[in-house]
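**Student:** just to be clear, the model below is a prediction. Sequence and coordinates:
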Amino acid sequence: MSRPAWLLIVFAIVVLFTGACGRAPQAGIRLTEKDSGRTVELQAGNTLEVVLSGKPTTGYGWEVASGDEAVIKQVGEPEYKADTARIGSDGKTTFHFKASAPGRTELKLVYRRPWEKNVPPEKTFEATVAVR
């Protein structure tokens, strides 16, 4: 068999195999506000970062509103980094999660003032997380 024919056969097998297996879960993923509403797949033990814009000097902050910790667990405290050195500038809050065990959960984060109990959040971020 000629080399080009052999390469074509190998290529065809690879294409068929990857198509039959479906999309593999991602090892680690980073989501931003534009990804709200997205579904992501992870393997148990993989990480998920959620990076959201905000301005804590206004009293608003991001917090986890819901998510099954048996499936995905927050690791540490959220980290805030200002966009500039100017006082009161916008910035990004990063949440770190680890896929704990197989399952599916709706992860919801809300941007609100913690003392305003009966006021809807200013912004909401939601993602479906499936862990294999």
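**Tutor:** Nice, I can see it.

**Student:** quick check: bridge partners of the nearest residue to Val71 once chain neighbours are set aside?
**Tutor:** In this structure, Val71 finds its nearest non-sequential neighbour in Gly103, 3.9 Å apart by Cβ to Cβ, 6 or more residues apart in numbering. Glycine gets a C-beta too; all of them are placed from N, C-alpha and C. Beta-bridge partners for Gly103, by DSSP bridges, are Val131.

**Student:** just the one 5 residues further on next, same as before
**Tutor:** The residues paired with Lys108 through beta bridges, assigned by DSSP bridges, are Ser66, Glu126.

**Student:** same check on Ala99?
**Tutor:** For Ala99, the beta-bridge partners are Ile72 (DSSP bridges).

**Student:** in this structure it contacts Val131, no?
**Tutor:** Yes: the criterion here is Cβ atoms under 8 Å, and Ala99 meets it with Val131 at 4.3 Å.

**Student:** overlap of the contact sets of the two?
**Tutor:** 42-44, 46, 71-72 (Cβ atoms under 8 Å, 6 or more residues apart in numbering).

**Student:** correct me, but the residue nearest to Val71 touches Thr128?
**Tutor:** No: between Gly103 and Thr128 there is no contact under Cβ under 8 Å: 11.2 Å.

**Student:** coming back round to it: which one of the shared contacts of Ala99 and Val131 sits closest to Thr58?
**Tutor:** Ile72 (28.6 Å; Cβ to Cβ).
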